[in-house]
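Enquirer: Sequence and predicted structure are below.
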Amino acid sequence: MSRSFRIIRDFLTGAALLIFGLLIAARVNQPPASATEETVQGAFRVSDGDTLSLNGKRYRLKGIDAPERAQTCGASDARWACGEVAREQLLRLVAGGGILCHGRERDRYGRLLVVCLRGESDLNARMIEEGLAIAYPSRGVDYRGLEAKARDEGRGLWAGPFERPQDWRRVNGDVDGGGLRSFIHDVLRFFGFERQEEDLP
């Protein structure tokens, strides 16, 4: 066995062990699902197109990913502030109160993943219907059918070219995370150990 072959073999073995260790560490530190469903209601504040806050706690709309506030969309000669438009739409949806949110899972930032309703109207679904968020199927929630309809009708984001929010964050920075932690979650997602939605800021 040549010396160069042994060096390559040892390097690959070490890299594999490192990745395996990271997978185990990240899996152990994964926030558990709540034992029971939590229900939240009140005068929510809107952080962006998929995040609400109430009494100092933040809540992430489950099953959707909206553009970041600083994100723009569209062709180079027709850019528009899709992130801010998404935030304004969610503001309109929660205006006037009467919003009831429920969920049992938390993301890696400790935020409760929620589906929010006004009466029978699903606000998460409304963001998808308006074309101002993309669908991320998760346990018990799948808005892909609504996304396909919005795409076919050219609504919101689907009216022109845009960068998926997750890709935009990868290039422009993760507002809630980054560094080694983001790398670990990317590796977890690649190997299928973690649902995609838990990587969404």
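Expert: Nice, I can see it.
Enquirer: residues of stretch 56-70 that come out buried?
Expert: Of the residues in stretch 56-70, Arg58, Tyr59, Arg60, Leu61, Lys62, Gly63, Ile64, Asp65, Ala66, Pro67, Glu68, Arg69 count as buried by neighbour count, 16 or more other CB atoms under 10 Å. For every residue, glycine as well, the C-beta is placed using N, CA and C.
Enquirer: Then stretch 151-159?
Expert: By neighbour count on 16+ other CB under 10 Å, the buried set for stretch 151-159 is Arg155, Gly156, Leu157, Trp158, Ala159.
Enquirer: Can I get those residues in CSV including distance to Asp122, secondary structure and pLDDT?
Expert: Output for the buried residues of stretch 151-159, formatted as CSV (distance: CB to CB, whole Å; DSSP: H, G, I helix; E, B strand; the rest coil; pLDDT from 0 to 100):
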residue, distance to Asp122, secondary structure, pLDDT
Arg155, 17, coil, 97
Gly156, 17, helix, 97
Leu157, 19, helix, 97
Trp158, 20, helix, 97
Ala159, 23, helix, 96
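Enquirer: Reformat the residues you listed into a markdown table and put distance to Gly97 next to each item.
Expert: What follows is the buried residues of stretch 151-159, written out as a markdown table (distance: CB to CB, whole Å):
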| residue | distance to Gly97 |
| --- | --- |
| Arg155 | 27 |
| Gly156 | 25 |
| Leu157 | 28 |
| Trp158 | 30 |
| Ala159 | 31 |
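Enquirer: Not counting sequence-adjacent ones, nearest residue to Leu93?
Expert: Using CB to CB, 6 or more residues apart in numbering and skipping residues adjacent in sequence, the residue nearest Leu93 is Leu123, 4.9 Å away.
Enquirer: Of the buried residues of stretch 56-70, which belong to helices?
Expert: Judged by DSSP state H, helices contain none of the buried residues of stretch 56-70.
Enquirer: what's the spacing between the residue nearest to Gly119 when sequence neighbours are not counted and Arg126?
Expert: Spatial nearest neighbour of Gly119, chain neighbours left out: Gly98 (7.4 Å); criterion: CB to CB, 6+ apart. Using CB to CB, to the nearest Å, Gly98 is found at 14 Å from Arg126.
Enquirer: All good on my end, thank you.
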